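Asks: Provided below for reference: sequence and predicted model.
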Amino acid sequence: MTVAILGGTGFVGTAVARRLLARFQTPLVVARGRHPVTLPNGAIFEAADRTDGTRLVELFRQHHIDAVIDIFGLGLKNTAPVIEAMGAVGGRYLLLSSIDVYSNYGGLLKRETPPVQAAPAKEDDPLRGFRFPYRQNTRRPQGVEDDLFDDYDKIVLEEAAAADRRFETTVIRAPMIFGPGDKQHRFAWAINAIRAGGPMRVDARGAGWLNSYGYIDDVAEAMVLAANSPKAAGRTYNVGQANVRTQLDWLRAFADALGSSANIEIVPAGQGGLLSERADASNLDYPLTIDTARIRSELDFAELMTERDELLATIDAETA
């Protein structure tokens with residue numbers, strides 16, 4: 001079985017390719033190829049622009065693609081041609097979506113004031129009430145054109161894919177993804193502070209904030225599992241760690257992994273503690289957490305490594 005990965009040359013895509021190969025499946029990695037491409041042995045690369053629907057149909061048919069895993073669907077501007085290509089060839093379309101679809105995200109961004117949902121969000125819980133969250137939002141990840149971020153909305157993509165009955169859709173909603181290769185350096189703030197030595201001063205607002213995370217290989221495994229499972233057709237799954245921690249607890253977990261006993265001090269706003277910039281920009285009264293029970297019960301998903309090994313691998317990569 002050959003599975004196409006759109007946007008398969010980056011952090012998440014290469015991890016998905018590795019997990020497909022571990023299942024003795026052949027990944028067809030499709031990307032523009034404007035930069036040097038390094039892929040796991042056994043993966044096939046084809047250069048194509050995801051907005052060229054005709055080229056995508058040609059490749060899907062040439063390689064007898066049964067499923068497409070879409071890593072880089074941002075908005076309809078860069079994904080409508082992919083949906084049309086799927087309509088032409090059929091099969092399974094797996095969309096990598098995000099935790100940012102849930103209602104708490106709108107409150108976190110200070111764009112709306114939904115009731116705070118304290119419990120981790122389940123797949124059928126309320127979504128945010130507005131669309132296009134990066135418009136008028138200067139806090140954007142690097143490396144993506146502004147017009148694509150202006151068009152960004154995973155809710156719009158989920159709805160468009162699910163409405164097209166010419167193919168089967170599975171949605172994976174992922175939280176912040178960490179691990180080796182993470183260009184956003186999700187836990188650099190903690191690792192660098194611990195290595196610098198104590199005491200570590202943490203902004204009180206950020207210290208208590210709850211946020212779900214997913215380790216890169218686990219998220220990739222969940223995507224491959226869902227793309228292959230007949231039971232996953234038409235389903236939406238949250239993916240991430242089963243446990244939910246405050247940022248203070250994450251700092252302590254990394255300190256333990258590094259063998260550090262440095263003191264941690266909680267300081268009020270305005271004193272420049274760790275996470276103060278995030279706290280200034282966001283309303284951290286809103287947790288950003290998800291419940292991952294559905295994929296564990298329906299598809300028997302489980303993590304590939306112990307959490308300690310995941311933290312150590314992240315530390316090694318961050319300090320290399």
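Replies: Thanks, I have the structure now.

Asks: secondary structure element for the residue lying closest to residue 15 once chain neighbours are set aside?
Replies: Leaving aside its chain neighbours, residue 15 sits nearest to residue 220 (3.8 Å; criterion: CB to CB, 6 or more residues apart in numbering). Every C-beta, even on glycine, is put in place using the N, C-alpha and C of the backbone. For residue 220, the element it lies in under DSSP states H and E is helix 216-228.

Asks: what's the answer for residue 81, then?
Replies: helix 76-89.

Asks: quick one: contacts for the residue nearest to residue 15?
Replies: Residues in contact with residue 220 (CB atoms under 8 Å, 6 or more residues apart in numbering) are 12, 15-16, 18-19.

Asks: so after the helix holding residue 81, what's the next helix or strand?
Replies: Remark: after helix 76-89, the chain's next helix or strand is strand 92-98, criterion DSSP H and E.

Asks: buried residues in stretch 301-308?
Replies: Neighbour-count burial for stretch 301-308, with 16 or more other CB atoms under 10 Å as criterion, is recorded at 301, 303.

Asks: For it, what does the pLDDT average out to?
Replies: Stretch 301-308 comes out with an average pLDDT of 97.

Asks: same deal with stretch 18-36?
Replies: Stretch 18-36 comes out at a mean pLDDT of 92.

Asks: Quick check: the gap between the closest residue to residue 144 other than its chain neighbours and residue 7.
Replies: Ranked by CB to CB, 6+ apart and with sequence neighbours excluded, the top spatial neighbour of residue 144 is residue 74, at 7.1 Å. Counting by CB to CB, to the nearest Å, the gap from residue 74 to residue 7 is 10 Å.

Asks: same check, this time on residue 220
Replies: Distance, residue 220 to residue 7, using CB to CB: 13 Å.

Asks: follow-up on the earlier one: can you list which of the contacts of residue 220 are found in helices?
Replies: Using DSSP state H, the subset of those located in helices is 12, 15-16, 18-19.

Asks: Need those residues in TSV (columns: distance to residue 171).
Replies: As requested, those are exported to TSV (distance: CB to CB, whole Å):
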residue	distance to residue 171
12	15
15	18
16	15
18	22
19	18
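
Asks: which among the residues you listed gets closest to residue 85?
Replies: For those, the minimum distance to residue 85 (CB to CB) is 18.8 Å, reached by residue 16.

Asks: can you give me the end-to-end distance of stretch 91-106?
Replies: Separation of the first and last residues of stretch 91-106 by CA to CA, to the nearest Å is 34 Å.

Asks: any idea how far it is from the chain center?
Replies: Mean-position distance between stretch 91-106 and its chain equals 9 Å (CA atoms, centre = their mean, to the nearest Å).

Asks: so who does the residue lying closest to residue 287 once chain neighbours are set aside touch?
Replies: Of all residues not flanking residue 287 in the chain, residue 210 sits nearest, at 3.8 Å (CB to CB, 6+ apart). Contacts for residue 210 were tallied using CB under 8 Å, 6+ apart; they are 244-246, 287-289.

Asks: List just the nearest of those to residue 187.
Replies: Closest to residue 187, out of all of the contacts of residue 210 and judged by CB to CB, is residue 245, at 11.6 Å.

Asks: Identify the bridge partners of that closest one.
Replies: residue 211 (DSSP bridges).

Asks: Return the per-residue confidence for it.
Replies: Residue 245 carries a pLDDT score of 95 in this model.

Asks: Look at it and say how many residues are nearby.
Replies: Neighbour count for residue 245, taken as other CB atoms under 10 Å: 17.

Asks: ok, now how distant is it from residue 126?
Replies: To residue 126, residue 245 is 24 Å away according to CB to CB.

Asks: Can you list the residue ranges for strands in this structure?
Replies: 2-6, 26-31, 44-47, 65-70, 92-98, 168-174, 176-178, 200-203, 210-211, 213-215, 236-238, 245-246, 264-267 (DSSP state E).

Asks: Could you list the low-confidence segments of the protein?
Replies: Judged by pLDDT under 70, the chain has its weakly predicted residues at 138-143, 146.

Asks: What about residue 230, how many residues nearby?
Replies: Counted by other CB under 10 Å, the residues lying close to residue 230 total 7.

Asks: mind listing what residue 67 touches?
Replies: Applying CB under 8 Å, 6+ apart, the residues contacting residue 67 are 1, 3-4, 91-94, 227-228.

Asks: One more: residue 264?
Replies: Neighbours of residue 264 in contact, by CB under 8 Å, 6+ apart: 198-200, 202, 248, 251-252, 255.

Asks: Show only the entries of the residues you listed found in helices.
Replies: 248, 251-252, 255.

Asks: Which of the residues you listed ranks first by neighbour count?
Replies: residue 251 (26 neighbours).

Asks: quick one, what contacts that residue?
Replies: 190, 193-194, 200, 202, 264, 274.
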